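[1] sequence plus predicted model, see below.
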2 protein chains.
Amino acid sequence: MWQLYQFPLCPFSRKVRLLLSEKGIGYELWRENPWEERDEFLARNPAGRTPVIENPERGITLVDSRAICEYFEETVDKAPMINGTAANRAEIRRLVALFDENFFGDVTGPLLHERMKKRIILRQPPDSRVLRESMKLADAHLDYIDYLIDHRPWLAGATMSLADLAAAAQLSVADYLGGIDWSGHEQARSWYSVFKSRPSFRPLLSERMDVIHPPSHYADVNA
Amino acid sequence: MWQLYQFPLCPFSRKVRLLLSEKGIGYELWRENPWEERDEFLARNPAGRTPVIENPERGITLVDSRAICEYFEETVDKAPMINGTAANRAEIRRLVALFDENFFGDVTGPLLHERMKKRIILRQPPDSRVLRESMKLADAHLDYIDYLIDHRPWLAGATMSLADLAAAAQLSVADYLGGIDWSGHEQARSWYSVFKSRPSFRPLLSERMDVIHPPSHYADVNA
């Protein structure tokens, strides 16, 4: 059985969980708070980041969310998520990078710092300037999702792909932390609401972080 | 002909250039300073980052260094750089992420900010605390390269891979900016010196950034 080391608000772990569920791969959740820097975890991943996925019976440890997704894409045929021509696949990977790096750097990362780390680790109040800036940048990213959905059924093209999973994973964490204002973004909202009702997404939306609670619309599939 | 939008000290562009040269793919260099945020460049890549590679005759634009490398790996058989079993390929991609994200975040990114952006854009002196911290972190990364090379001929295993190109690309920029102290890292140094004498690497080492000059050992294959 695969064992996924993750914590509930890690957007990269969420992307892997969505991929595993869509592909029908069973796994156990193992809670890991990377900020605790446990020796056993650093031995698995010297980079100190979640997610890490392990299969002890088969002696396999996989590290880095994109490497993990590529591994399961290569080894499990069901529900292809990096599909099509080489150019299509490049477009999927471009968007995965956009959400993993730019959206995370602009929005999810600052929100996790201000609303999670400061709350449960540093015991400091959030910086309202940083929160305002991340909401402004989130709005620009939502504009870009609106634009993509105006031109394509799914973010990278005609079918659901890893780009959709990467975007939904980041958005779901930002939304949990109250950093997303969906008003004026009907295309992004309708694309995301389809996601919210998928069986792969429901378990994520039902999980809660200790102390930190999401806004009321967070897990509502009709919101 | 492929056109690569890049600037000389962009480590992600360097990784792509190494891959293209190893695979024998011809390309033109187009200088792009992403901090200028040119409209034509943002139209090619809304994320605003180098590298971007374009083939106008074939109507293809590829964005994000990892997506670009995967594209050429899939379309050009020569010199496979993400090779082997699915587990081998996952190990290559783990190390690419380690250098692209952790090494860049710890070392190359801060050095580019302190020694390039502050010099040519912000007109400020570098922060010596930040430089000291990046050198300390570089030392820990070199320890890890030493450890890998103690166990394997190349970073990810028995053959040269994209992991080596990603690491050499980051290290070459950090070394250009005077951020690498090779003393006490014989394994890393000998691995890197093999690289420095490869035909794919020579053009990179001969390029210079205006105003900013590398230390004397930088392009010396015997140093």
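    Looks like it came in fine. Residues are numbered from 1 along each chain as shown, chains lettered A, B, ... in the order given.

[2] how close does the spatially most central residue of chain A get to A:F201?
    Nearest to the geometric centre of chain A sits A:A169, at 2.4 Å (C-alpha atoms, centre = their mean). A:A169 sits at a distance of 10 Å from A:F201 (criterion: C-beta to C-beta, to the nearest Å). In this view, the C-beta of every residue, glycine as well, is placed from N, C-alpha and C.

[3] residue at max distance from the center of chain A?
    Farthest-from-centroid check, chain A (C-alpha atoms, centre = their mean): A:E57, 27.4 Å.

[4] and the helices in chain A, which stretches?
    Taking DSSP state H as the test, the helices found in chain A are A:11-22, A:39-44, A:65-75, A:86-97, A:109-111, A:128-151, A:162-176, A:186-196, A:202-206.

[5] not counting its neighbours along the chain, what's nearest A:P110?
    Computed as C-beta to C-beta, 6 or more residues apart in numbering or on different chains, the closest residue to A:P110 that is not its neighbour in sequence is A:S134, at 4.4 Å.

[6] ok, the one you found - how many residues close by?
    23 (other C-beta atoms under 10 Å in any protein chain shown).

[7] please tell me the pLDDT value assigned to it.
    On pLDDT, A:S134 comes in at 98.

[8] show me the contacts for it.
    Neighbour list for A:S134: A:106-107, A:110-111, A:114, A:179 [criterion: C-beta atoms under 8 Å, 6 or more residues apart in numbering or on different chains].

[9] for A:R208, same thing?
    A:R208 neighbours (C-beta under 8 Å, 6+ apart): A:8, A:214.

[10] repeat that for A:S190.
    A:I149.

[11] skipping adjacent residues, who's closest to A:R44 in space?
    A:R44 sits nearest to A:V52 (C-beta to C-beta, 6+ apart), 5.0 Å away.

[12] pLDDT score for the one you found?
    So, for A:V52, pLDDT stands at 98.

[13] that one contacts A:W2, correct?
    No: using C-beta atoms under 8 Å as the test, A:V52 is too far from A:W2 to be in contact (10.7 Å).

[14] picking up where we left off before, and for A:A169 and A:F201, which residues touch both?
    A:L18.

[15] how many other residues sit next to A:A43?
    9.

[16] okay, it and chain B: tell me how far apart.
    Note on A:A43: its distance to chain B, by C-beta to the nearest C-beta, to the nearest Å, is 13 Å.

[17] quick one, what contacts the closest residue to A:P214 other than its chain neighbours?
    The shortest distance from A:P214 to any non-neighbouring residue, by C-beta to C-beta, 6+ apart, is to A:Y176 (4.3 Å). With contact set as C-beta under 8 Å, 6+ apart, A:Y176 has these partners: A:9, A:209, A:212, A:214, A:218.

[18] about what we covered before: any idea how far B:N83 is from the residue nearest to A:P110?
    40 Å.

[19] least confident of the contacts of A:Y176?
    For the contacts of A:Y176, the pLDDT minimum is A:M209, 84.

[20] near chain B, which residues of chain A are found?
    A:46-47, A:60, A:62-64, A:66-68, A:70-71, A:74-75, A:86-87, A:89-90, A:93-94, A:96-98, A:101-102, A:144 (C-beta under 8 Å from any C-beta of the partner chain).

[21] for A:S197, give me its contacts.
    So A:S197 contacts A:V221 (C-beta under 8 Å, 6+ apart).

[22] switch the cut-off to 10 Å
    A:S197 sits next to A:205, A:221-222 when contact means C-beta atoms under 10 Å, 6 or more residues apart in numbering or on different chains.

[23] sounds good, over and out.
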